[in-house]
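Colleague: Dropping the sequence and predicted coords here.
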Amino acid sequence: MANVPQNLQSLEGQPRQAPVPVPQASDGAALAAAAAARGEAQFDPNKLTVEELRDELRARSLNTVGLKSALVERLAASISGPGGIPYLMCDNRQLKRPAYKKEPQREDFGSEEEFNLAWIKWRETRDSNNESVKRSRICAKLKKIDHEHLLKERDEEHSQLNQMLERLKDEAAFLNKVLSMPEQLDATERDRLLHFLSTA
């Protein structure tokens, strides 16, 4: 990967995800009015994160490269100019993907150190998420195995109960014949009756 620091290439091993386009503001005046209605008319770029600053600059087609101080100065100059609109992206911010899902790119950072730190954090977060997904899948598989084992045990118990029920039905029919028509018992049935009386 071209943008991966040389000292971090050993961490590579998973495919890169395609970057997600940042949503553009369709009506800047309406967004500004909404910000003012929420008490956000006093727009302070210093309170934004680096990612939020880059979103605001990108929405204005401005350069997004540099440290936070440079991004703040660039955004403040744009807002203070004629027709400057604060919070272009404020109402669209919830549509963004979480920052850890987008791999940092070298051109988005003002220094190699800043890029390295962001890339390490992104890699660690992604690895942690992959481990969580792996553990979740293992747990789901184990639960499925336990459920199938439980179903098998219940099927066996049901089969045993059915066999016991059939034996009880047969014995009930035999005893009914013994009581109602003892003269019609054959030799086998008489032996069965003797065995039943000896074990009762």
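Modeller: Sure thing, it's come through.
Colleague: May I ask you to name the longest helix in this structure?
Modeller: helix 112-180 (DSSP state H).
Colleague: Give me the residue ranges of this protein where confidence is low.
Modeller: Applying pLDDT under 70 to the chain flags residues 1-43, 82-101, 200.
Colleague: In terms of secondary structure, what does the longest helix of the chain contact?
Modeller: In this structure, helix 112-180 packs against helix 187-199, with contacts taken as 3 or more Cβ pairs under 8 Å, 6 or more residues apart in numbering; DSSP states H and E. Bear in mind the C-beta positions are built from the backbone N, C-alpha and C, glycine included.
Colleague: Helix 112-180 and the helix it packs on, what's the angle between them?
Modeller: 110 degrees (axes from the mean of the first three to the mean of the last three Cα atoms, to 10 degrees).
Colleague: from now on call the first residue 34
Modeller: Got it, the first residue is 34 from now on, which makes the last one we talked about helix 220-232.
Colleague: Does anything pack onto helix 220-232? Which helices or strands?
Modeller: helix 145-213.
Colleague: how about 6 Å then?
Modeller: Here helix 220-232 touches no other helix or strand, going by 3 or more Cβ pairs under 6 Å, 6 or more residues apart in numbering; DSSP states H and E.
Colleague: For it, list every residue counted as buried.
Modeller: When burial is assessed from 16 or more other Cβ atoms under 10 Å, helix 220-232 yields the following buried residues: Leu226.
Colleague: likewise stretch 79-89?
Modeller: 81, 83, 85-89.
Colleague: now, which of those residues sits nearest Leu150?
Modeller: Nearest to Leu150 among these, counting by Cβ to Cβ, is Val83 at 11.3 Å.
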